[in-house]
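Engineer: Quick one: sequence and predicted model below, then my questions.
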Amino acid sequence: MCVLVLWQLASTALVARGLALTVNSDLISFVLMLSAALIFLRNAVTSTGRLRLSWYLLAACWGTRTIVQLIWMYFDIVLRQETPNPFVGDILLFLSNIPVLAALLLETQQDSPDWQKPQERVDFFLLLLWWLYLYLFFVIPWQYVVLDPGRYGSSYDRLNGLLDLALLLMLGLARRQASGGWKWFYGIFFSAQLFISISGYVANWAIDQQSYYPGSIYDLPYTAALAAFTVVGLLGGTLSATEPVASMRVNKLPLTKLGVLALLSLPVITAWTVLYQSAPPPVVQFRLLVVLVTIFAMTLLLVSRQSQLARELARAADVLQEASVTDPLTGVRNRRFFEAVIPGDTSSVLRTYASSRESLGRELIFYLLDLDGFKEVNDHYGHTTGDKLLVEVTKRIRAAIRESDILVRWGGDEFLIVSRYSDSAEAETVASRILTAVGDPQRYISIGGLQIPQTCSIGWAAFPWDRQQPMKASVDVVLALADRGLYEAKVKGKNRAVGVSPSKSSKFVLTVADGDQLSPYPVKTLCVLGPTQSGEPFARIFQGHLEAGMTSPGPRGV
């Protein structure tokens with residue numbers, strides 16, 4: 001880079017004004033711009049996240065300037081005539097700074113995937129559209145509507161100065177909040193931007209004074225500034241590989257508010273220009289058209305942004321809703337989910353029984369399952385091991401039931417299984433399958449090298465409780481009856497399943513809470529499954545009546 005700067009200095013001093021000096025000066029500028037673009041592009045390829053986008057935006061800036069330089073060289077070298085004033089490439093040169101401003105405003109220097117959000121891309125296009133509007137409103141009328149090089153030059157310089165000021169302010173803020181090597185990076189970046197802005201204004205002044213020619217002394221500071229940006233790219237590439245991205249964190253500006261302010265500024269600028277500025281009627285009409293088109297385009301972008309935000313909020317609500325009905329440890333449903341869906345399931349069952357008393361296969365079977373000896377596992381091996389055991393048991397239960405069944409963590413080491421569209425005659429088979437899945441002595445649960453034997457006890461009951469009188473017992477009552485079956489399974493030795501069903505006899509009665517009062521329910525055991533000595537892991541080992549007794553089974557965590 002130093003060689004090219006020195007070459008430019010020697011050419012300015014030693015080569016007379018003419019084609020050779022023009023070719024030499026234009027080629028040096030082209031090589032320096034292309035070098036900066038390629039270095040920033042290389043940095044992007046080797047980076048990730050927001051930092052990658054930052055380098056891509058800077059590469060876009062210098063790629064655009066390289067294109068402008070090629071247009072400039074076409075006039076200078078091919079056509080061998082002075083670049084016209086106004087120059088067709090001025091708008092590209094002006095817009096080339098927008099990606100740099102976007103890189104700073106969108107906080108792309110943080111290593112986070114947030115920049116990929118659609119609304120941030122909308123913010124970027126809002127800012128781009130706003131600056132384009134300013135250029136079309138203040139500069140273009142004096143180039144293509146009513147040609148006035150004097151007003152064109154002054155409007156371009158003022159607007160370009162505003163953009164340069166915004167860039168310098170953002171770079172100063174970035175340097176102030178950065179740390180480590182990135183503070184040096186932003187310091188050099190700020191100096192290079194200041195240097196190229198000043199040299200650009202000097203060259204434009206010389207053009208207006210008709211004292212500029214390619215390779216003149218006015219090109220020396222501009223060439224040095226171009227070389228400085230190559231240094232910025234090289235330093236940034238080094239920091240990307242060595243410095244933590246967190247050290248270059250910059251506070252994010254409220255882009256949504258900036259976009260709204262940009263939209264609100266359009267009628268204000270228009271009213272001020274029309275009422276207090278003297279401009280030919282064609283310019284006024286052109287500016288009004290620019291305002292209308294820009295307002296329409298910005299409104300579409302804002303509507304798009306709001307639609308995207310609404311979709312994101314809906315997705316976030318779905319995620320929160322899913323989290324609120326899911327047990328965080330085991331990943332199965334929780335009581336909140338059960339309370340939300342069970343009214344619909346019970347209503348469907350009751351409607352079926354209202355049309356037919358013999359609606360087999362349309363019952364809800366409630367299985368209450370409690371792990372045997374889980375407290376000892378927690379006490380002996382610790383709660384971490386206990387949690388892992390619960391997760392493994394959950395997997396085994398899931399494998400033993402249907403996908404349409406609901407598995408709920410009822411609390412602690414207790415689970416509820418709701419078997420939908422079932423027949424109570426099949427409940428024994430399902431209970432046996434669950435007992436085998438959890439307590440098969442050939443399949444100890446392996447936790448961190450420990451082989452833990454684990455069994456469970458189950459109580460179940462069907463809803464509706466009485467097929468002839470489907471409305472007789474509520475879901476809460478059936479759950480309480482299944483809970484009594486679970487209690488009996490624990491009392492009879494654990495590792496068992498006890499199902500209860502209504503009895504025509506009133507000899508054996510359980511009193512359970514039914515609304516605000518205790519109601520009696522005659523019951524009998526449907527079956528009791530448990531381990532045998534014959535080799536079969538589970539079989540019907542007892543059948544008879546439950547003993548009349550407790551309204552509340554009491555604790556079972558043993």
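Structural biologist: Received the coordinates, thanks.
Engineer: Using PDB, write out the CA atom coordinates for whichever strand or helix holds residue 417.
Structural biologist: In the assignment (DSSP states H and E), residue 417 maps to strand 414-422. What follows is strand 414-422, C-alpha atoms only, in PDB (Å, rounded to 0.1, in the frame of the first residue of the first chain):
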ATOM      1  CA  GLU A 414     -46.200 -40.200  40.400                       C
ATOM      2  CA  PHE A 415     -47.600 -40.300  36.800                       C
ATOM      3  CA  LEU A 416     -51.000 -40.400  35.300                       C
ATOM      4  CA  ILE A 417     -51.800 -42.200  32.000                       C
ATOM      5  CA  VAL A 418     -55.000 -41.300  30.300                       C
ATOM      6  CA  SER A 419     -55.800 -44.000  27.700                       C
ATOM      7  CA  ARG A 420     -58.200 -42.600  25.200                       C
ATOM      8  CA  TYR A 421     -60.900 -44.500  23.200                       C
ATOM      9  CA  SER A 422     -60.300 -47.600  25.300                       C
END
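Engineer: Check which helices and strands it sits against.
Structural biologist: Contact analysis of strand 414-422 by 3 or more CB pairs under 8 Å, 6 or more residues apart in numbering; DSSP states H and E lists helix 335-355, strand 363-371, helix 383-400, strand 406-411, helix 427-439 as its packing neighbours. C-beta: built from backbone N, CA, C; applies to glycine.
Engineer: so which of these gets nearest residue 319?
Structural biologist: Closest approach to residue 319 among the helices and strands packed on strand 414-422 (CB to CB): helix 335-355, 14.8 Å.
Engineer: just to revisit the earlier point, could you look over the helices and strands packed on strand 414-422 and pick the most buried one?
Structural biologist: Per residue and on average, the most neighbours among the helices and strands packed on strand 414-422 fall to strand 363-371, with a mean of 25 (mean count of other CB atoms under 10 Å).
Engineer: helices and strands around the next helix-or-strand element following that strand, which ones?
Structural biologist: Once strand 363-371 ends, the next helix or strand along the chain (criterion: DSSP H and E) is helix 374-381. Helix 374-381 is packed against helix 383-400, strand 450-452, with contacts defined by 3+ CB pairs under 8 Å, 6+ apart.
Engineer: one more time with 10 Å, if that's ok
Structural biologist: Applying 3 or more CB pairs under 10 Å, 6 or more residues apart in numbering; DSSP states H and E, one finds that helix 374-381 makes contact with helix 383-400, strand 445-447, strand 450-452.
Engineer: tally of neighbours for residue 37?
Structural biologist: Using other CB atoms under 10 Å, residue 37 has 23 neighbouring residues.
Engineer: Thought residue 521 was touching residue 477, still the case?
Structural biologist: Yes - under the criterion of CB atoms under 10 Å, residue 477 is in contact with residue 521, at a separation of 7.1 Å.
Engineer: between the two, which one's more packed in?
Structural biologist: Neighbour tally, residue 477 and residue 521, criterion other CB under 10 Å: the higher count belongs to residue 521, 23 against 20.
Engineer: Report the angle between whatever helix or strand residue 460 lives in and helix 427-439.
Structural biologist: Under DSSP H and E, the secondary-structure element containing residue 460 is strand 456-463. On the basis of axes from the mean of the first three to the mean of the last three CA atoms, to 10 degrees, strand 456-463 is oriented at 160 degrees to helix 427-439.
Engineer: Next secondary structure element downstream of the strand or helix carrying residue 62?
Structural biologist: When elements are assigned from DSSP H and E, residue 62 belongs to helix 49-73. Moving toward the C-terminus from helix 49-73, the first helix or strand encountered (DSSP H and E) is helix 90-95.
Engineer: hmm, back to that, now the helix holding residue 62: buried residues?
Structural biologist: 49-69, 72-73 (16 or more other CB atoms under 10 Å).
Engineer: who does the longest helix along the chain touch, helix- and strand-wise?
Structural biologist: In the chain, with assignment by DSSP state H, the single longest helix is helix 281-324. The contact analysis (3+ CB pairs under 10 Å, 6+ apart) places helix 281-324 against helix 118-138, helix 255-276, helix 335-355.
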